[in-house]
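A.B. asks: I would like to see how this sequence folds:
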Amino acid sequence: MPEHKSRPEADWNRLKPATEHAVTELLNQLQQDACAQDLLDAYLYAKRLLAESMQALIRIDLPAECETFQDLRKQLCDAIAAQYGNKIPERYLVVPYGSRTHEELFTILLQHFGQPVSAALLRVVTRDSVHTERRTRELRELGLDIETGKESGVDVYTLRSLALDTGMIPTIIRNNLRDKKAPAGVKAAALAVLGE
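C.D. replies: Presented below is the predicted three-dimensional model:
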């Protein structure tokens, strides 16, 4: 069994009893009309444990590696190299945003290909709304066709195509050039190649 599969299962099994206890404690506080501070403490504790346990639960069904995500990243890498390989130093031609979180978000979108996925479901993976929105925006910066919208007042994301928008390549390189270690002359030369 791959390591990725066993770890979320172990996390889920470890977190489940504490989460049950936290939710029960919150319910008790609600039923007893506890003071605001006790109720807030119980809520915050339950909220944290629920977020951690639901993250582990959703990860159980995610593959250790998403082959489609890796293939798209390789396609993008090849396209960048073909377009700018002899013109811009290699260190600025890397494909960013390859973290496990990016891959997990993409995998969930791929599992629902062409269908809207609620932002709330995606937030289960990251346990953070800002983090989810930022990582999803970064996936779009790779040239992935991820549409944002609303359905019945709920924020949704839809992976509409697996064709990469290679028009995003100059933006990727520009972002890579923001590296503080990049010499000014190298930046200027690379930006000139990009037509700036």
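A.B. asks: can you give me the strands for the chain?
C.D. replies: Secondary structure of the chain (DSSP state E): strands at 117-118, 145-151, 154-161.
A.B. asks: next one: the shortest one to chain centre, how far?
C.D. replies: A distance of 13 Å separates the centroid of the chain from that of strand 117-118, by C-alpha atoms, centre = their mean, to the nearest Å.
A.B. asks: mind giving me the packing neighbours of that strand?
C.D. replies: In terms of contacts (3 or more C-beta pairs under 8 Å, 6 or more residues apart in numbering; DSSP states H and E), strand 117-118 is packed against strand 154-161. To be clear about C-beta, it is placed using only N, CA and C from the backbone, and glycine gets the same treatment.
A.B. asks: give me the contact list for the strand it packs on.
C.D. replies: 106, 109-110, 112-120, 122, 136, 144-150 (C-beta atoms under 8 Å, 6 or more residues apart in numbering).
A.B. asks: buried subset of these?
C.D. replies: Among those, the ones that count as buried by 16 or more other C-beta atoms under 10 Å are 106, 109, 116-117, 119, 122, 136, 144, 146.
A.B. asks: adding distance to Leu26 and pLDDT, write those out as JSON lines.
C.D. replies: Converted to JSON lines, the buried ones among the contacts of strand 154-161 look like this (distance: C-beta to C-beta, whole Å; pLDDT from 0 to 100):
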{"residue": "Phe106", "distance to Leu26": "34", "pLDDT": "98"}
{"residue": "Leu109", "distance to Leu26": "32", "pLDDT": "98"}
{"residue": "Pro116", "distance to Leu26": "31", "pLDDT": "97"}
{"residue": "Val117", "distance to Leu26": "28", "pLDDT": "97"}
{"residue": "Ala119", "distance to Leu26": "24", "pLDDT": "95"}
{"residue": "Leu122", "distance to Leu26": "25", "pLDDT": "95"}
{"residue": "Thr136", "distance to Leu26": "30", "pLDDT": "95"}
{"residue": "Leu144", "distance to Leu26": "39", "pLDDT": "97"}
{"residue": "Ile146", "distance to Leu26": "35", "pLDDT": "97"}
